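In: sequence and computational prediction follow.
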Protein chains: 2
Amino acid sequence: MHFGYKTMNIALLVSYDGTELCGWQVQKKGRTVQGEIEGAIARAFSLSVRVTGSGRTDAGVHAAGQVCNFPFEESIKISPEKIADALNVCLPQDVRVLKSAAVPDSFDACRSAKKKTYRYGVYLSRREHPLLGRYAARYGFAPDIVRMRGCAALLEGEHDFSAFSTTGSSVKTSVRTVYSVAVDVQTRFGVPCVSFDVCGSGFLYNMVRIMAGAVLGVGDGSLPLSRVERALETGNRDLLGKTMPANGLTLLSVDYGFAPFGESGQ
Amino acid sequence: MHFGYKTMNIALLVSYDGTELCGWQVQKKGRTVQGEIEGAIARAFSLSVRVTGSGRTDAGVHAAGQVCNFPFEESIKISPEKIADALNVCLPQDVRVLKSAAVPDSFDACRSAKKKTYRYGVYLSRREHPLLGRYAARYGFAPDIVRMRGCAALLEGEHDFSAFSTTGSSVKTSVRTVYSVAVDVQTRFGVPCVSFDVCGSGFLYNMVRIMAGAVLGVGDGSLPLSRVERALETGNRDLLGKTMPANGLTLLSVDYGFAPFGESGQ
């Protein structure tokens, strides 16, 4: 597509409210983040490119620091940091480019990713709360923080996470390293809220949402810790509870071992 | 309307996401909180009543703990605490009843209110952020926390707040007591966020939004503290900066000097 023009590699730091989006990846029907960004690049710069994301996120999942990259014509006179502003003019309100930068040609938002951090949020309430329910799932039971942290500690480290993946997803290996699972409780509008920040080398399909469900289940006593241990040993998905809803999940950041957007970028 | 039936006085603790609502008060066009609640009471209980709110909130303003009350037929067999669930079935997603309770006949959500607490939130960023922008306004400058607290302290106490009110609003007196203005900074998704929690005996039209703008202006040096002093003395609205946008404002709670919803209810 470049007809001999020199290209530069542009990375974008992107945030989106996934509520009304059909996930990251372009599909035939429905608005997607990738589709919106590719459309904005086309409208702003008359460039038809494919954007590479650090990974997909499902419909309803949010991102505070998704990263993607695409080839940009060097002949277009704009400083790389200003590309964010040009794209934001063409993007819908629920998708925003927070930063843009020129990165080395070898940078690939997906393959260069070293670690990702997700947050899963729930609020503990018998009734729905309009100001908490957009970015956190409701949980009707009262989990114990010490028990939840016990389960979280069990999930840390290198494991075969087959049991923490939606059946049917095909990947080469289901071994992943989870560097940390931090469980915290905070009160918002008088309602206790639990957040799980999970940092790992990579994640299987639905892995964080199944992990969050397991930690909560152990916390409220509905899931014995021994079943989580057996799930890790046997890879049996059926030993664990249900997959938590998409709206509680937010991709916080992607770590590349260097700062693509400079010191102040994330 | 009660044809000799005995009535009881029911209070509701209500939360709403004001983004797509035209404010509290029923009006000819557009969805309002009062209209949605009265509609839900009609659908759930076949009762046509007027609901009394603690006060109006403008289009786009949120509430975590708005309070209202209405007369309810004693002959309807439902325990007062369950009225919340019955109404939630009939309410749209962005309006929820968190608690319901029977209160003394003398209770009037508006006239019985002793104090109200509002939160105004801003995030400090040159660019819009989709995950922060729903419940906080964007502010493009970097205010100093010490200066902001200096201005906040000036606003505390009993003052004539004429200058902190949108011109044209007619009230008997513009003297109000502000019990506290707490300014705090917190980092969310790597972005500094400032919140102002303002507790007062009552508020003039747009008062919290104008106060927040003044505190921010003093914080970033664009508004001299002496002008805020003069505004308090003279009642001249023109001395202060602009009214901050509605979406940053949330009614946190209404204080009645007792707990209408029991110990655990706000």
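Out: Perfect, thanks for sending it.

In: make it CA atoms for all contacts and neighbour counts henceforth
Out: Fine.

In: can you name the element that comes right after the strand or helix carrying residue A:185?
Out: Using DSSP states H and E, residue A:185 sits within strand A:175-188. Moving toward the C-terminus from strand A:175-188, the next helix or strand (DSSP H and E) is strand A:191-200.

In: is chain B within reach of that following strand?
Out: No - judged by C-alpha under 8 Å from any C-alpha of the partner chain, strand A:191-200 and chain B are separated, with a smallest distance of 9.4 Å.

In: buried ones in that strand, by neighbour count?
Out: Neighbour-count burial for strand A:191-200, counted by 16 or more other C-alpha atoms under 10 Å in any protein chain shown, picks out A:193, A:194, A:195, A:196, A:197, A:198, A:199, A:200.

In: doesn't residue A:260 lie inside a strand?
Out: No - if the criterion is DSSP: H, G, I helix; E, B strand; the rest coil, then residue A:260 is coil and not within a strand.

In: the residue lying closest to it once chain neighbours are set aside: what's it in contact with?
Out: Residue nearest to residue A:260 in three dimensions, not counting chain neighbours: residue A:103, with 6.4 Å by C-alpha to C-alpha, 6 or more residues apart in numbering or on different chains. Going by C-alpha atoms under 8 Å, 6 or more residues apart in numbering or on different chains, residue A:103 touches A:8, A:9, A:10, A:11, A:260.

In: what do you get if the cut-off is 7 Å, keeping everything else the same?
Out: Going by C-alpha atoms under 7 Å, 6 or more residues apart in numbering or on different chains, residue A:103 touches A:9, A:10, A:11, A:260.

In: against residue B:52, how distant is residue A:229?
Out: 54 Å (C-alpha to C-alpha, to the nearest Å).

In: now residue A:49
Out: Taking C-alpha to C-alpha, one finds residue A:49 at 56 Å from residue B:52.

In: neighbour count for those two, which is higher?
Out: Remark: of residue A:49 and residue B:52, residue B:52 carries more neighbours, 19 against 16, as counted by other C-alpha atoms under 10 Å in any protein chain shown.

In: that one and residue B:34: what is the separation?
Out: Separation of residue B:52 from residue B:34 (C-alpha to C-alpha): 8 Å.

In: how about residue A:153?
Out: Applying C-alpha to C-alpha to residue A:153 and residue B:34 gives a distance of 48 Å.

In: what parts of the stretch 51-200 of chain A come near chain B?
Out: Contacts of the stretch 51-200 of chain A with chain B, taken as C-alpha under 7 Å from any C-alpha of the partner chain, map to A:64, A:93-96, A:98, A:127-131, A:189-190.

In: hang on, the earlier thing: quick check, nearest of the buried residues of strand A:191-200 to chain B?
Out: residue A:197 (12.2 Å; C-alpha to the nearest C-alpha).

In: per-residue pLDDT of the residue of the stretch 101-250 of chain A found nearest chain B, please?
Out: Ranked by C-alpha to the nearest C-alpha, the top residue of the stretch 101-250 of chain A for proximity to chain B is residue A:130, at 5.4 Å. Residue A:130 carries a pLDDT value of 98.

In: cool, and residue A:166?
Out: On pLDDT, residue A:166 comes in at 85.

In: also residue A:183?
Out: pLDDT, residue A:183: 98.

In: what separates it from residue A:143, distance-wise?
Out: Taken as C-alpha to C-alpha, the span from residue A:183 to residue A:143 is 11 Å.

In: now swap in residue A:164 and tell me
Out: In terms of C-alpha to C-alpha, residue A:164 sits 20 Å off from residue A:143.

In: and for residue A:12?
Out: On the measure of C-alpha to C-alpha, residue A:12 and residue A:143 end up 38 Å apart.

In: what does residue A:35 give?
Out: Using C-alpha to C-alpha, we find residue A:35 at a distance of 39 Å from residue A:143.

In: which residues of the stretch 1-150 of chain A fall in strands?
Out: All strands of the stretch 1-150 of chain A, identified by DSSP state E, counting those that start in this stretch, fall at A:7-16, A:52-53, A:62-73, A:95-103, A:115-124, A:137-139.
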